[in-house]
Each structure stands twice: as structure tokens, then as C-alpha cells.
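Undergrad: Quick one: sequence plus predicted model below, questions after.
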Amino acid sequence: MRRFIPALALLLGATAVQAADPAPVTLRVGKLLDGRGGSIENALVTIQGARIVSIEPIGPGGTATPTWDLRPFTLLPGGIDTHVHLTWHFDEAGRLADEEKEPPARTVLYAVENGLATLKSGITTVQSLGAPLDAEVRDAIARGTVPGPRVLTALAPLEDAKRTPEELRADVRERKAQGADVIKIFASESIRLGGGPTFSQAQLDAACGEAKTLGLRTAVHAHGIESARRAAAAGCTSVEHGVLLDAATLAFLAGHGTYFDPNTDLIFRNYLENKAKFLGIGSYTEEGFDMMRRAGPLVLNVFQMALQTPGLKVVFGTDALAGSHGRNFEELVYRVEKGGQAPMAAVVSATSLAAESLGLGDRIGTLAAGHEADLIAVAGDPSQDIRALLRVVWVMQGGRVVVDETRR
């Protein structure tokens with residue numbers, strides 16, 4: 001059984017070291033992946049507080065006595081999922097919960113449960129796109145009140161295609177004032193409705209331009225060619241989904257420095273596995289499910305084209321929602337085994353590259369001195385066998401060990 005270190009213990013530990021600098025923590029590792037495509041064998045990692053302070057090679061016969069002996073495992077940065085929906089959950093009747101009718105406190109508690117499952121699976125940072133209640137979860141985790149992944153949130157997305165460019169600028173300013181970390185924009189319909197464009201070039205220019213002025217990133221839901229091109233031309237940060245894109249559009253994204261998050265498998269597989277829990281709600285119709293069945297092979301082809309597109313930055317995101325929280329790394333396994341991505345490149349997409357896309361490349365996603373100690377240990381070597389990411393045995397977030405399965 002996985003040993004999870006409770007939030008109360010973490011809080012007591014934090015209180016105990018407030019009066020003095022915390023003692024250094026050392027990790028002896030047999031293999032280390034740095035998140036940038038490099039690896040080191042036989043190293044001693046030293047952590048002070050929440051940060052990595054040094055990584056030193058040691059000989060196989062070294063006598064260092066570490067705080068944690070992780071030599072049987074591979075150490076790497078914690079996973080970063082750039083697209084989740086933490087508040088989405090199934091209700092007591094086993095159906096997709098209606099968050100507009102559900103008491104907010106109940107929704108937040110479900111979101112905390114989802115965050116906990118995500119953290120235990122080895123994902124230490126998520127971008128939740130989004131719901132206003134995400135802010136409550138984000139802030140509670142940041143305070144140390146509850147355990148969970150670091151959360152960035154868009155709060156409520158921009159999705160009303162009737163808003164004028166000036167109204168959209170005002171909407172972006174409002175989200176900034178409300179505490180959003182990123183702006184989520186629906187520039188196309190759901191794939192269940194065909195994925196056609198909804199926002200004009202002028203609307204995207206206004207929303208993404210205002211966000212950039214305010215120092216905010218933008219994540220754009222865009223399934224089709226026109227919506228993705230408009231997003232890239234507007235200087236938006238990332239395009240999400242892209243089921244209907246072609247090679248020329250992928251090259252267009254690359255040329256504009258737009259990050260691409262294709263969500264290739266887990267989202268569709270989870271919907272189909274849990275069809276009865278969604279069917280009959282909103283656009284979750286039989287026709288909508290037929291569209292999602294067809295979308296899977298389409299986006300796999302887009303992903304494979306994306307891998308062949310020079311300069312295109314393909315990041316790791318799952319669109320995890322009700323039924324798939326804590327299963328995030330299954331998406332990466334699919335990208336390697338079915339999509340043909342090299343295992344080490346997949347690891348980079350979920351660590352340093354994902355961090356870069358979130359504007360946090362100098363803080364997380366890399367196992368290097370000066371970065372935050374968000375680390376996981378897995379049984380096996382994911383740079384050779386990507387399925388090792390499904391065997392997480394140890395999780396550290398911000399210098400605190402929150403999952404330990406190594407001493408069974």
C-alpha cells in the first residue's frame with residue numbers, strides 16, 4: 001500500500017523548522033534524469049528547504065549516508081500537466097456533477113480529492129482550465145492547508161463569441177483582478193459539435209493582446225485550422241487540442257512560437273469508458289460520442305505530424321476531468337507507444353518544456369541546483385521504458401516528501 005504522508009504531518013513539520021533553517025536533505029540516486037534530456041548516474045542530490053542546492057557525482061562505492069537512498073529507482077522532476085479540470089467529478093449518483101447546482105464547498109472538496117490523486121501519481125504541478133473555485137484549491141495548497149499539486153488556474157474561461165474586442169479586453173482585466181494565472185479562451189466549438197471556429201481574428205487579437213500587456217499567458221481551445229491559425233497570429237501562448245489541424249497549420253504554430261498541447265488519448269478514452277456517466281448531459285449525445293470516437297485517430301495523426309514539425313513545442317497536457325484524475329501519465333505512455341515519440345522527449349515534454357510553457361522554466365521542471373525540489377522516483381527508467389512513469393514510488397514537492405513507497 002502506498003504510504004501517503006498526511007497534510008497534518010506536513011504542517012507540523014513546517015512549523016517545527018520556522019525558527020531556524022531546515023537541515024539539508026540528501027538523496028542518493030542510481031540514475032537521475034534532469035528533465036532537459038540529460039542523465040547522471042550515481043549522484044548525491046542535496047536539498048535545503050524547498051530548493052535543490054547541489055548535485056554531485058559519487059563513485060559506486062561512495063560512503064555517503066543519505067537521508068533517502070533511492071538507488072534502486074530513477075529520480076526525475078515531478079510531472080507537469082498543462083491542461084486539467086480539477087473541479088470536474090462524478091456525483092453521488094455516478095453522473096457528471098452539475099457544478100452550478102452543487103454546493104461550492106462540496107465541489108471544492110471533490111477538487112481537493114482530485115488534486116490529491118494527481119499528486120500521488122507523480123504530477124506535482126497542474127494548470128487547471130478552469131473554474132472560479134480552482135482559486136480556492138490553489139490557495140489552500142499554496143498555504144500548506146491541504147496536499148496537492150501546485151495549481152495555476154484560468155478561473156472562468158472566455159467563451160462568449162458575442163463579446164466585442166473591447167469587452168474581451170475588459171474580461172481579461174477582470175480575470176487578472178480576480179487572480180487568474182492564465183486566460184483560457186474558447187476559440188472553437190467542442191469537437192462533439194464539429195470543432196468549428198467561434199472567435200474572430202479581431203477578438204483573439206484583443207484578448208491575447210490584453211493578456212500579454214498584463215503579463216498573462218493565454219491557452220486557446222482550438223480544434224480546427226482557422227481557429228488555431230487565428231490564435232497563433234494573435235500571439236496567444238498555446239493551442240489546446242487541435243484535432244483537425246494539418247501539417248501547414250502546425251508549421252504556422254511553430255513559426256509563431258506557439259506551444260501545442262494535443263491531448264491525444266486519455267480524454268477520449270476516459271469519456272468512452274465512462275459514457276453512461278456523461279450521456280444525456282449537454283453535448284454528450286450519441287452523436288457527440290461518435291465524434292469523439294472519430295477524433296481519437298485524427299488527433300493521433302496530428303500528434304505524429306507535430307513531432308515531425310521543426311521547431312514546434314509539443315507539451316504534455318491531458319484535459320484530465322471526471323474519471324481521469326491521477327491517470328495523467330497514461331497519456332504520455334500512449335504518446336510513446338502509439339504516437340512514436342521518443343521516451344526521453346516525452347519526459348522533457350512533461351517536465352522542462354511544460355514548465356517553460358507555463359512561464360516557470362526557471363523554477364520547476366528541471367532537476368538542477370536552484371530549482372524547486374519537486375521530484376519523483378519511479379521503478380525503472382522512463383527514458384528507456386515510458387511505463388516506468390506508472391510506477392511512482394516516491395514524491396517530493398517543495399522539499400517535502402509526500403508519498404513514500406520505497407521502504408515497504
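TA: Right, received. Where do you want to start?
Undergrad: Please compute how far stretch 111-123 lies from its chain's middle.
TA: Taking Cα atoms, centre = their mean, to the nearest Å, one finds stretch 111-123 lying 11 Å from the centre of the chain it belongs to.
Undergrad: Dump it to PDB, restricted to CA.
TA: C-alpha atoms of stretch 111-123 as PDB (Å, rounded to 0.1, in the frame of the first residue of the first chain):
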ATOM      1  CA  ALA A 111     -11.400  19.100  -6.400                       C
ATOM      2  CA  VAL A 112      -9.100  18.600  -3.400                       C
ATOM      3  CA  GLU A 113      -9.600  14.800  -3.800                       C
ATOM      4  CA  ASN A 114      -8.700  15.100  -7.500                       C
ATOM      5  CA  GLY A 115      -5.600  17.100  -6.700                       C
ATOM      6  CA  LEU A 116      -4.500  14.500  -4.200                       C
ATOM      7  CA  ALA A 117      -4.900  11.700  -6.600                       C
ATOM      8  CA  THR A 118      -3.000  13.700  -9.200                       C
ATOM      9  CA  LEU A 119      -0.100  14.400  -6.800                       C
ATOM     10  CA  LYS A 120       0.200  10.800  -5.600                       C
ATOM     11  CA  SER A 121       0.500   9.800  -9.300                       C
ATOM     12  CA  GLY A 122       3.600  11.900  -9.700                       C
ATOM     13  CA  ILE A 123       2.200  15.100 -11.100                       C
END
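Undergrad: avg pLDDT for it?
TA: Confidence over stretch 111-123 (mean pLDDT, whole number) is 98.
Undergrad: Quick check: beta-bridge partners of the residue minimising distance to the centre of the chain?
TA: When the chain is reduced to its mean C-alpha position, the nearest residue by Cα atoms, centre = their mean turns out to be residue 81, at 1.2 Å. Residue 81 has the following beta-bridge partners by DSSP bridges: residue 126.
Undergrad: Now for it: which residues touch it?
TA: Residue 81 makes contact with 118, 123, 125-127, 149, 316-318, 320, 328, 350, 354, according to Cβ atoms under 8 Å, 6 or more residues apart in numbering. Heads up, the C-betas are built off the backbone N, CA and C, glycines and all.
Undergrad: Same question for residue 238.
TA: Applying Cβ under 8 Å, 6+ apart, the residues near residue 238 are 82, 217-220, 258-261, 315, 357.
Undergrad: Could you measure from the residue nearest to the centre of the chain over to residue 33?
TA: Separation of residue 81 from residue 33 (Cβ to Cβ, to the nearest Å): 18 Å.
Undergrad: Repeat that for residue 168.
TA: Relative to residue 33, residue 168 is positioned 41 Å away (Cβ to Cβ).
Undergrad: Who has more neighbours out of those two?
TA: More neighbours sit around residue 168 than around the other of residue 168 and residue 33, counting by other Cβ atoms under 10 Å; the figures are 26 against 23.
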